[in-house]
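**Q** Build the 3D model from these lines:
(one chain, ligands or ions: 1)
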Amino acid sequence: MTAPETKTLPLRLRGLTRRFQPGLPPVVDGLNLDLHGGELLTLLGPSGCGKTTTLRLIAGLDTPDAGSVLIAGRDVSRLPPEQRGVGLVFQDYALFPHLSVLENVAFGLTHLPRPERLPRARETLALVGLTVFESRAPHQLSGGQQQRVALARALAPRPALLLLDEPFSNLDAGLRYATRQDLRRLLRLSGMAAILVTHDQEEALAFSDRVAVMRAGQIEQVAAPEDLYLHPRTAFVANFLGRSNLLSGVASGKVAQTPLGTVELGAPGAGAVTLSIRPEQIVLTETGAQAQVMSREFGGRSTLYTLQLESGQTLLMQTHAPASSQEGQTVRIAVRGSAHEVDRP
Ligand SMILES: Nc1ncnc2c1ncn2[C@@H]1O[C@H](COP(=O)(O)OP(=O)(O)OP(=O)(O)O)[C@@H](O)[C@H]1O
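**A** Model (predicted):
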């Protein structure tokens with residue numbers, strides 16, 4: 001029996017596993033994930049960690065070796081894609097070249113009575129702001145406009161779940177930003193849940209309600225973007241989401257002794273610890289630990305310094321003030337705010 005509350009979940013993965021080659025570890029390795037109604041979740045991780053395979057298993061384009069995919073409480077693990085009620089937008093968004101924009105969007109609406117198809121397609125095209133282009137052929141549109149048609153085509157049947165695999169990868173930075181914002185607004189309006197696959201951390205943080213960081217076929221941590229950035233559980237997550245300094249120390253309650261002096265801890269600890277400290281948390285002080293400026297990179301709104309401690313360990317420091325310290329100079333530094341323990345056994 002499925003518990004009543006799980007029926008309302010747009011997606012539930014249990015022990016999802018896919019192994020392509022016997023003897024090698026599974027590419028997707030016992031994945032568990034619950035997606036809540038209207039939630040936007042991103043699968044983020046390095047190349048080859050199994051993001052696309054996971055999406056293909058959810059969509060029904062591939063079959064798991066073990067585990068299950070539940071969509072709206074229904075086990076669809078063995079059903080073909082067209083019976084799963086999901087919308088798909090893949091990188092190459094293959095529109096039908098011989099069909100008009102409107103016909104492309106109406107294509108997936110065969111489940112509706114004929115008189116309802118074109119009105120539904122027009123309504124969805126209006127949502128993505130492409131009404132005036134409805135009679136054009138896809139090749140008469142820009143890349144960004146084609147991308148929106150692909151989105152409209154996936155959205156038109158009103159699926160409970162939308163799967164997006166690097167859908168903005170062919171767009172330039174400006175268009176990427178605008179399309180991402182539009183999509184987010186559209187999904188919010190329609191209340192659809194979505195899973196986005198990307199290896200662009202900025203995109204993951206900006207788009208999602210929660211981000212699942214994947215590593216070698218498993219989810220290493222899943223949390224809201226702020227939470228993931230501020231409270232990474234592992235060094236891998238800390239480094240995958242932005243840059244991080246890893247500092248060893250000895251914790252005693254709410255503080256730890258480190259090469260940078262006494263550092264406050266986000267949560268109490270005991271004994272030997274590894275701490276994640278963001279480059280923007282390292283600040284210049286009058287009396288802190290000594291470090292030598294090895295290099296600096298001016299980045300417009302901020303400057304990133306590489307510093308070396310007397311122990312030889314290097315650290316990154318990011319400052320918003322105009323660059324002041326010079327290469328070769330000795331500075332004194334401390335940690336501002338609290339550090340977070342990672343890789344807790
Ligand atoms: N059909 C297949 N047969 C054999 N190996 C495969 C197959 N599909 C994927 N793989 C392997 O599975 C691993 C994960 O691939 P997947 O495409 O899921 O990674 P990804 O995280 O989406 O990577 P990227 O960010 O580069 O797209 C890779 O090592 C890939 O070579």
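
**Q** which bits of this protein sit near the ligand?
**A** Phe20, Val27, Gly45, Ser47, Gly48, Cys49, Gly50, Lys51, Thr52, Thr53, His199 (C-beta under 6 Å from any ligand atom). The C-beta positions use only the backbone N, C-alpha and C, and glycine is treated the same way.

**Q** Tabulate the residues you listed in JSON lines, adding columns for secondary structure and neighbour count.
**A** Listed next are the residues of the chain next to the ligand as JSON lines, based on DSSP: H, G, I helix; E, B strand; the rest coil; neighbours: other C-beta atoms under 10 Å:
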{"residue": "Phe20", "secondary structure": "coil", "neighbour count": "11"}
{"residue": "Val27", "secondary structure": "coil", "neighbour count": "21"}
{"residue": "Gly45", "secondary structure": "coil", "neighbour count": "28"}
{"residue": "Ser47", "secondary structure": "coil", "neighbour count": "7"}
{"residue": "Gly48", "secondary structure": "coil", "neighbour count": "12"}
{"residue": "Cys49", "secondary structure": "coil", "neighbour count": "23"}
{"residue": "Gly50", "secondary structure": "coil", "neighbour count": "23"}
{"residue": "Lys51", "secondary structure": "helix", "neighbour count": "25"}
{"residue": "Thr52", "secondary structure": "helix", "neighbour count": "20"}
{"residue": "Thr53", "secondary structure": "helix", "neighbour count": "22"}
{"residue": "His199", "secondary structure": "coil", "neighbour count": "18"}
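
**Q** which is the next helix or strand following the helix or strand hosting Ser248?
**A** Following DSSP states H and E, the helix or strand that holds Ser248 is strand 245-258. Following strand 245-258 in sequence order, the next helix or strand is strand 261-277 (DSSP H and E).

**Q** C-terminal to that next one, what's the next element?
**A** strand 282-298.

**Q** Buried residues, that next one. List them.
**A** By 16 or more other C-beta atoms under 10 Å, the buried positions in strand 282-298 come out as Ile282, Leu284, Gly288, Ala289, Ala291, Gln292, Val293, Arg296.

**Q** try stretch 179-199
**A** For stretch 179-199, a neighbour-count test (16+ other C-beta under 10 Å) marks 179-180, 182-184, 186-187, 192-199 as buried.

**Q** now for that stretch, what's the gap between its first and last residues?
**A** Start and end residues of stretch 179-199 are separated by 17 Å (C-alpha to C-alpha, to the nearest Å).

**Q** cool, and stretch 60-69?
**A** End-to-end distance for stretch 60-69, by C-alpha to C-alpha: 9 Å.

**Q** do the same with stretch 103-121
**A** 8 Å.

**Q** what residues are up against the closest residue to Phe20 other than its chain neighbours?
**A** Among residues not flanking Phe20 along the chain, Val27 sits closest, at 5.8 Å (C-beta to C-beta, 6 or more residues apart in numbering). By C-beta atoms under 8 Å, 6 or more residues apart in numbering, Val27 lies in contact with Arg18, Arg19, Phe20, Gly50, Thr53, Gly217.
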